[in-house]
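J.: Here is my input, please return the structure:
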Amino acid sequence: MSQALKTLSLLLSLRTPKNRRGDIHSSLSITPTSAVPRARRQNNLPFDDLRSDASHLSVPASSAPNLSAPAVPSDDEPDEIRAIWGTTVNLGETMKTFREFLRGFKIKYRIAYDRERGLRTRVLSTPEEGEFLLYEGYLRRMRQTGETNLNLDMINLAAYPPSRKLQSQLVKYPQEVIPAMDQVLKDLMLELAEEDQQAGMEGMRGTEGEEEIAEIMGKVYKIRPFGLPSVNMRDLNPSDTDKLVCIKGLVIRATPVIPDMKVEIDRGKIDEPARCPRDVCGTIGTMSLVHNRCEFADRQVIRLQETPDAVPDGQTPHTVSLSVYDELVDVSKPGDRLIVTGIFRSVPVRVNPRQRTLKSLFRTFLDVVHIRIGTGDKLGLDRSTRPAGGDRIPGVGGVGGGIDMDDDQEHGTERQRRTTKREELEAKLRELSQRPDVYELLARSLAPSIYAMDDVKKGILLQLFGGTNKSIARGGGGGGPRYRGDINVLLVGDPGVSKSQILQYVHKIAPRGVYTSGKGSSAVGLTAYVTRDPDSKQLVLESGALVLSDGGVCCIDEFDKMSDATRSVLHEVMEQQTVSIAKAGIITTLNARTSILAAANPIGSKYNPNETVTRNIDLPPTLISRFDLLYLVLDNVDEALDRKLAQHLVALYLEDAPETGGGQDILPLEELSAYITYARSRISPTITEEAGDELVRCYVTLRKAGEDPRSNEKRITATTRQLESMIRLSEAHARMRLSPFVELGDVKEAFRLMREAINTSARDPTTGEIDMGLLDTGIGRQQRKLRADLRRAVLAMLDGGAGGTRGVRWADALAQIEAQSSVRVSTADFQEVIRELEQEGMVKVVGERDRRMIKRVEGA
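T.: Numbers count the residues shown, from 1 in each chain. The predicted structure follows:
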């Protein structure tokens with residue numbers, strides 16, 4: 001008897017649950033449902049589920065003709081082992097090949113296959129290491145952890161010589177091959193358990209082993225294939241229908257969990273019997289579905305959109321619907337970048353639900369069998385924004401050796417199988433972090449085509465590393481307040497100083513990065529908007545740019561040209577890092593734990609150095625104060641600097657080899673991304689006592705800068721927001737060095753960056769002194785004092801009888817005040833003072849424009 005026959009005889013002797021997967025919809029049913037039908041078959045009774053009621057009583061058979069084709073007798077092999085109709089899949093051969101693969105695949109086959117394809121491979125320390133049976137180790141691990149999914153790398157199938165045909169069959173006929181593989185997996189699980197029990201392995205002796213085997217028999221095991229080369233979702237065409245495909249994209253929406261009935265569904269409709277099949281009854285239309293006794297599985301529909309970098313110029317992004325089932329439900333959330341392996345399906349759509357007429361255009365979707373989060377070319381997202389248990393994809397077996405895999409969750413076999421590339425990269429990154437000039441090197445490597453702007457690059461580099469998110473247990477509500485670790489940066493400057501270039505560069509490497517422009521964004525586009533789901537016709541919430549970039553960086557260009565309604569949304573996002581929504585009956589708070597990198601132009605395009613920052617930028621002071629670092633990037637005329645900048649730009653056009661810092665080395669984009677990813681995912685620095693003392697000292701130093709012995713009033717030169725910004729920047733600097741502790745040098749560099757940013761942005765142009773009131777309230781101490789003097793002068797002029805009872809003309813009053821003053825009185829200040837006096841009821845303004853008259857209110 002062949003090995004496949006033994007498998008089937010073992011199948012028929014076991015009582016196991018029916019193996020029906022939501023993502024496969026196979027007509028192939030190898031496993032019987034119970035022992036009763038087998039007894040029927042042995043007694044040569046015609047077998048049909050409809051001829052039996054729940055108690056399995058013997059009832060009269062139906063007189064209706066039997067519609068199934070009679071089986072053709074065959075001497076050499078039974079029906080189950082034959083090739084499946086319409087395919088080249090011989091079931092017995094497929095099961096036999098896959099069984100050999102699971103029992104015989106060794107690491108050396110994959111290494112040899114990779115060498116054939118010209119890929120770098122690991123060097124084995126001993127020949128025995130290459131002889132390690134990989135999948136037997138995985139199966140034992142599945143038994144120990146209770147896992148029921150096995151991730152199958154299809155490159156391994158191609159690397160094992162006997163199973164190369166199986167790999168092509170798996171791609172072409174997945175819904176026939178995968179159920180057979182599932183069955184082989186279950187058989188092998190039982191076989192290995194029995195072998196380990198006989199060998200007396202720990203945890204498998206006596207009754208313990210019997211319980212393990214009984215538990216395995218009661219489970220449904222699934223194979224989840226992955227490792228196909230990904231194709232663009234635009235390239236999916238009708239020839240791919242019912243084949244295994246792999247695509248990548250960005251999740252834009254995920255529905256709630258939908259209960260999916262586990263029955264054979266034909267064209268989206270359950271095929272209910274029209275007539276009772278028993279002769280004693282035979283009534284038409286009396287049979288109904290009993291929902292409570294049906295089996296349901298979890299299902300979720302996900303909308304996957306093309307990533308912005310994959311969209312061809314001038315075209316809108318494509319979207320594909322994904323159906324995920326069982327363990328893959330709720331694995332991803334909106335904003336995640338996925339690599340998805342699944343079966344491409346097309347289903348007909350009715351013109352009208354009440355008619356049987358079908359549209360000629362079919363609806364397509366993907367039945368997902370495997371999901372992998374994240375793509376290798378981007379930075380890793382912030383792990384502290386993910387669920388506590390992590391994003392571990394269900395299943396045992398390699399899911400791609402990304403650098404963001406957790407060491408503590410790796411098994412010994414996994415560790416043996418990790419590629420040399422990853423080990424080499426980690427060693428290289430550690431070595432890089434030991435360099436004394438690592439800070440300068442990384443800053444140089446960030447946008448190397450942009451000349452100079454060293455401090456701006458350093459600030460943005462620390463933004464990419466980010467601080468650590470903290471929740472303080474004491475105080476606040478449940479769990480205490482959450483302190484953000486994300487750093488916000490604002491670049492303000494003249495046109496043509498490469499602000500947008502920096503934003504585009506950061507967007508390329510930023511995790512979950514979203515790039516928006518001020519005029520092209522609306523308030524709902526940034527937060528969330530309500531739309532009607534085309535399938536369920538219910539109102540659902542679609543995530544906007546800030547929610548999609550949760551755990552990443554959101555780049556906003558032309559920040560000053562945003563409408564006030566759009567900008568007001570950012571107040572909550574930048575400090576509380578949430579988006580509160582109450583619209584269309586949906587009341588919720590969404591997370592938007594994102595760093596914001598914004599670029600703005602001054603009013604009138606050119607920055608006026610004689611005016612304050614808030615006068616130059618059309619932004620409210622409350623919003624400006626929420627940025628940790630505010631950089632003024634000005635276009636100053638300097639012959640030596642202009643010559644160097646021009647030479648640098650011309651050199652870029654002559655030869656694309658950017659050199660900054662006098663031809664020093666720079667890191668390639670991939671290495672910079674890998675370094676930042678490694679630091680973000682592995683390092684969470686804590687503040688040492690020495691660094692804590694230095695932070696306090698630096699904060700006090702910033703505050704003391706406002707003391708003036710000549711006046712009683714003190715200028716505010718720093719607020720607690722500056723202290724928190726310093727803490728975040730020092731944590732990011734420690735993370736950049738891959739250090740587990742924030743040390744003195746980190747705090748000093750953070751203090752220097754803060755001081756430089758405050759020096760340029762919070763300096764009062766009239767006095768040349770730093771005044772944080774300019775950023776927090778829009779008015780500096782000097783300006784406040786000037787307005788108080790102006791107010792007194794206006795009241796004294798009106799009380800002195802100027803203009804009599806008719807009052808003073810606006811222009812005359814301004815000219816009179818300017819004649820008395822030793823400093824220039826701006827029209828805006830005069831207007832603000834008159835408005836305040838009018839609000840207080842001290843003066844009254846009558847007339848329009850040039851005819852305006854200012855009158856003193858009697859008795860005020």
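
J.: Mind listing what's buried along the strand or helix carrying Arg299?
T.: Taking DSSP states H and E as the definition, Arg299 sits inside strand 296-305. Along strand 296-305, these residues count as buried under the neighbour rule (16 or more other CB atoms under 10 Å): Ala297, Asp298, Arg299, Gln300, Val301, Ile302, Arg303, Leu304, Gln305. C-beta: built from backbone N, CA, C; applies to glycine.

J.: Among those residues, which one lies nearest to Pro229?
T.: Leu304 (17.5 Å; CB to CB).

J.: can I assume that closest one is in contact with Gly249?
T.: Yes - taking CB atoms under 8 Å as the definition, Leu304 is a contact partner of Gly249 at 4.0 Å.

J.: shared neighbours of the two, anything?
T.: Here Leu304 and Gly249 have Met233, Val320, Leu338, Val340 as joint contacts, going by CB atoms under 8 Å, 6 or more residues apart in numbering.

J.: Mind putting the residues you listed into CSV with pLDDT?
T.: Formatted as CSV, the shared contacts of Leu304 and Gly249 follow (pLDDT from 0 to 100):
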residue, pLDDT
Met233, 88
Val320, 93
Leu338, 88
Val340, 92
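
J.: Let's see if you can find the most crowded of the residues you listed.
T.: Each of these was scored by neighbours using other CB atoms under 10 Å; the highest score is Val340's, at 26 neighbours.

J.: roughly how far apart are that residue and Ile247?
T.: In this view, Val340 and Ile247 are 6 Å apart by CB to CB, to the nearest Å.

J.: before we move on, what about Gly466?
T.: Gly466 is 30 Å from Ile247, by CB to CB.

J.: which helix in the chain runs the most residues?
T.: Assignment by DSSP state H gives helix 174-198 as the longest helix of the chain.

J.: Sort out which residues of the very next helix or strand once past it are buried, please.
T.: Note on helix 174-198: by DSSP H and E, the next helix or strand toward the C-terminus is helix 206-217. Using 16+ other CB under 10 Å as the burial criterion, the residues of helix 206-217 that qualify are Gly209, Glu212, Ile213, Ile216.

J.: and helix 206-217, what other elements does it pack with?
T.: Applying 3 or more CB pairs under 8 Å, 6 or more residues apart in numbering; DSSP states H and E, one finds that helix 206-217 makes contact with helix 174-198.

J.: What is the least confident helix or strand in this structure?
T.: helix 35-42 (a mean of 36; mean pLDDT, DSSP states H and E).

J.: Report the buried residues of whichever helix or strand comes after that helix.
T.: Downstream of helix 35-42, the first helix or strand assigned by DSSP H and E is helix 91-104. Residues of helix 91-104 classed as buried: Leu91, Gly92, Glu93, Thr94, Met95, Lys96, Thr97, Phe98, Arg99, Glu100, Phe101, Leu102 (neighbour count, 16+ other CB under 10 Å).

J.: and the last one, how far is that from Lys165?
T.: The one in question is Leu102. Taking CB to CB as the measure, Leu102 falls 16 Å from Lys165.

J.: go on, the fourth one?
T.: Using CB to CB, one gets 9 Å for the distance from Thr94 to Lys165.

J.: Adjacent strands (with direction) for the one helix or strand Ile587 maps to?
T.: Using DSSP H and E, Ile587 sits within strand 586-591. Looking at strand 586-591 with DSSP bridges, its partner strands are strand 578-583 (antiparallel).

J.: What residues of the partner strand count as buried?
T.: Thr578, Val579, Ile581.

J.: Keeping just the C-alphas, turn that strand into CSV.
T.: Taking C-alpha atoms only, strand 578-583 is exported to CSV below (Å, rounded to 0.1, in the frame of the first residue of the first chain):
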residue,chain,number,x,y,z
THR,A,578,-5.4,62.6,19.7
VAL,A,579,-8.1,63.6,17.3
SER,A,580,-11.6,64.0,18.9
ILE,A,581,-14.5,63.5,16.5
ALA,A,582,-18.2,64.0,17.0
LYS,A,583,-20.0,63.9,13.6
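
J.: sorry, back to before: helix or strand next in line after the strand holding Ile587, which one?
T.: Sequence order places strand 595-600 as the next helix or strand after strand 586-591, per DSSP H and E.

J.: Can you name every helix or strand that that next one contacts?
T.: Here strand 595-600 touches helix 454-465, strand 489-493, helix 499-509, strand 553-557, helix 564-575, going by 3+ CB pairs under 8 Å, 6+ apart.

J.: what are the pairing partners of it, and which direction each?
T.: Note on strand 595-600: by DSSP bridges, its sheet partners are strand 489-493 (parallel), strand 553-557 (parallel).

J.: what is the mean pLDDT for it?
T.: The pLDDT scores in strand 595-600 average 92.

J.: quick one: contacts of that strand?
T.: 460, 463, 466, 486-492, 499-500, 502-503, 506, 552-560, 570, 573-574, 617, 619, 627.

J.: send the alpha carbons of it over as CSV?
T.: Extracted in CSV, the C-alpha atoms of strand 595-600 (Å, rounded to 0.1, in the frame of the first residue of the first chain):
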residue,chain,number,x,y,z
SER,A,595,5.8,64.0,14.7
ILE,A,596,5.0,67.1,12.6
LEU,A,597,7.6,68.6,10.3
ALA,A,598,6.2,71.8,8.8
ALA,A,599,7.6,74.4,6.4
ALA,A,600,6.2,78.0,6.1
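
J.: Can you check what angle separates it from helix 454-465?
T.: When axes from the mean of the first three to the mean of the last three CA atoms, to 10 degrees is applied, the directions of strand 595-600 and helix 454-465 differ by 150 degrees.

J.: right, and the helix or strand after strand 595-600?
T.: helix 613-616.

J.: just checking, what packs against that next one?
T.: With contacts taken as 3+ CB pairs under 8 Å, 6+ apart, helix 613-616 sits against helix 621-624, helix 773-776.

J.: Surely Arg303 and Ser321 touch.
T.: Yes - with contact defined as CB under 8 Å, Arg303 reaches Ser321; the gap is 6.1 Å.

J.: Thank you kindly, that will do.
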